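>>> only the shape, not the letters, is given here:
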Ligand SMILES: [Zn+2]
């Protein structure tokens, strides 16, 4: 017997940037580094022990790595709410091109879900397999996954096109500045 726990750690920080197009500097904007872990904990184990181990890994590993990646302008997981759209003129910054979602991953995912979904539907129609739990799960995941990944494929393609269009006629390349309030809150 085991119980499922979700552990979560969150490190807020702030950033600002000078717009590469209109030159206006933004206010300090809020963003955060966050990681979640879902874990099966045995009945006779301590959930608190697992939570503390997760917390230690976050602050010793995930947080400094994500922070370093941000400062080096590299794509990284675990970072939320970073946005380089200028609040004054609405244009994208060149540094966004490195941190934006990659549409090709979502396109690949959409194709994968589509093909797997078709195969599942084929199996259902042909009746070659009795509809057991695995078949139902795979069908559901691919049928739900297809429109979601298609949506992200389209929106991230549009965003990426806008970023590279804006990056073409940029006067100067800037980088965002970061403000790290505290390495660990409470
Ligand atoms: Zn601007």
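That came through fine. Computed from a predicted model, the values in this text were never measured in an experiment.

>>> near the closest residue in space to residue 150 that isn't next to it in sequence, how many other residues are there?
Nearest non-adjacent residue to residue 150, counting by CB to CB, 6 or more residues apart in numbering: residue 110, 4.5 Å away. All C-beta atoms are positioned from the backbone trio N, CA, C, and that covers glycine. As a burial measure, residue 110 scores 20 neighbours (other CB atoms under 10 Å).

>>> SS state for residue 110?
When classified by DSSP: H, G, I helix; E, B strand; the rest coil, residue 110 comes out as helix.

>>> go on, residue 38?
Three-state assignment for residue 38 (three-state DSSP): strand.

>>> show me what contacts it?
By CB atoms under 8 Å, 6 or more residues apart in numbering, the residues touching residue 38 are 4-7.

>>> mind checking pLDDT for it?
Note for residue 38: predicted pLDDT of 92.

>>> also residue 182?
pLDDT for residue 182: 68.

>>> on that earlier part again, so the residue nearest to residue 150 touches residue 149, yeah?
Yes. Shown here, residue 110 and residue 149 form a contact pair, counting by CB atoms under 8 Å, at 4.1 Å.

>>> name the element the residue nearest in space to the middle of the chain belongs to?
For the chain, residue 77 is the residue whose C-alpha lies nearest the centre (CA atoms, centre = their mean; 5.6 Å). In this structure, residue 77 sits in neither a helix nor a strand according to DSSP states H and E.

>>> about what we covered before: please, a PyMOL command that selects the buried ones among the contacts of residue 38?
With 16 or more other CB atoms under 10 Å as the criterion, this PyMOL line picks the buried residues out of the contacts of residue 38:
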select buried, resi 7
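
>>> turn the contacts of residue 38 into a markdown table, including distance to residue 178, pLDDT and secondary structure.
Listed next are these as a markdown table, based on distance: CB to CB, whole Å; pLDDT from 0 to 100; DSSP: H, G, I helix; E, B strand; the rest coil:
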| residue | distance to residue 178 | pLDDT | secondary structure |
| --- | --- | --- | --- |
| 4 | 35 | 92 | strand |
| 5 | 32 | 93 | strand |
| 6 | 28 | 94 | strand |
| 7 | 25 | 96 | strand |
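
>>> among the contacts of residue 38, which are in reach of the ion?
The subset of those within reach of the ion, by CB under 5 Å from the ion, is empty.

>>> closest one of the contacts of residue 38 to residue 139?
For the contacts of residue 38, the minimum distance to residue 139 (CB to CB) is 24.1 Å, reached by residue 4.

>>> residue contacts, that closest one?
Residue 4 neighbours (CB under 8 Å, 6+ apart): 38-41.
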